[in-house]
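Enquirer: This is the structure alone, sequence omitted:
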Ligand SMILES: [Zn+2]
């Protein structure tokens with residue numbers, strides 16, 4: 001068992017409620033990832049539809065999420081939204097690993113989080129500028145300004161409602177992914193664009 005899996009399983013035991021996330025990550029090993037859709041694919045510009053909550057408990061839905069996790073693994077990203085794999089549904093994943101903190105030192109690590117049908121409320125409108133990239137716009141990054149403190153309500157993989165307050169750079173990650181659900185991309189409002 002590699003170190004990452006060991007740490008994940010330890011976290012699973014310690015933190016109630018994320019066991020399904022651990023199962024998803026284990027199930028994703030060896031699963032074929034999706035091809036990530038890139039600009040100008042029109043699916044990236046659609047308004048994503050809410051997920052019918054009755055679907056969450058189905059094997060098909062589980063399969064979709066597992067394949068999204070496999071895609072996140074392959075791309076080494078910190079988040080991915082369903083439209084980026086060609087599915088216009090209100091779903092995104094966020095997972096911030098220790099290795100990501102080398103590049104994003106002010107983020108906090110967080111285990112895999114599956115966000116379904118999110119609603120975001122801005123708690124503090126003060127804007128935080130940050131250089132962002134996007135798997136759907138490969139090779140470029142730009143500075144985007146986003147609110148630094150949000151409250152998010154969503155449904156998790158168990159079909160349970162969740163509410164969290166999220167700060168600073170972690171809030172940026174959730175806002176970036178949420179943008180994908182309304183057809184918005186960083187290129188709509190970034191400045192100081194750089195080729196990576
Ligand atoms: Zn993106």
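Expert: Perfect, I can see it now. What you see is a predicted model; the values in this text were computed from it and never measured.
Enquirer: Return the residues in contact with residue 92.
Expert: 79-82, 115, 118, 177-178, 180-181 (CB atoms under 8 Å, 6 or more residues apart in numbering). Heads up, the C-betas are built off the backbone N, CA and C, glycines and all.
Enquirer: what's the farthest-apart pair in these?
Expert: Across these, the longest distance by CB to CB is 14.1 Å; it joins 80 and 118.
Enquirer: Which one's more surrounded, those two?
Expert: A direct count of neighbours by other CB atoms under 10 Å for residue 80 and residue 118 places residue 80 higher, at 26 against 18.
Enquirer: Direction included, what does the helix or strand containing that one pair against?
Expert: Following DSSP states H and E, one finds residue 80 within strand 79-81. According to DSSP bridges, strand 79-81 forms sheet pairs with strand 91-96 (antiparallel).
Enquirer: in the partner strand, what counts as buried?
Expert: Judged by neighbour count using 16 or more other CB atoms under 10 Å, the buried positions of strand 91-96 are 91-96.
Enquirer: what's the answer for stretch 47-61, then?
Expert: Neighbour-count burial for stretch 47-61 [16+ other CB under 10 Å]: 48, 51, 56, 61.
Enquirer: how far does that stretch sit from the chain's center?
Expert: When distances are taken as CA atoms, centre = their mean, to the nearest Å, stretch 47-61 is centred 17 Å away from the chain's centroid.
Enquirer: again, but for stretch 31-50
Expert: 13 Å.
Enquirer: repeat for stretch 154-169
Expert: Stretch 154-169 sits 12 Å away from the centroid of its parent chain (CA atoms, centre = their mean).
Enquirer: And for stretch 109-129?
Expert: Computed by CA atoms, centre = their mean, the chain-centroid distance of stretch 109-129 equals 10 Å.
Enquirer: For that stretch, what does the pLDDT average out to?
Expert: In this model, stretch 109-129 carries a mean pLDDT of 96.
Enquirer: for stretch 49-56, same thing?
Expert: 98.
Enquirer: what sits up against that stretch?
Expert: For stretch 49-56, contacts defined as CB under 8 Å, 6+ apart pick out 61, 88-91, 116-117, 155, 157-159.
Enquirer: repeat for stretch 62-70
Expert: Stretch 62-70 is contacted by residues 24-25, 27-29, 31-34, 80, 82, 85, 87, 91, 93, 112, 114, 157 when judged by CB under 8 Å, 6+ apart.
Enquirer: Alright, calling it a day.
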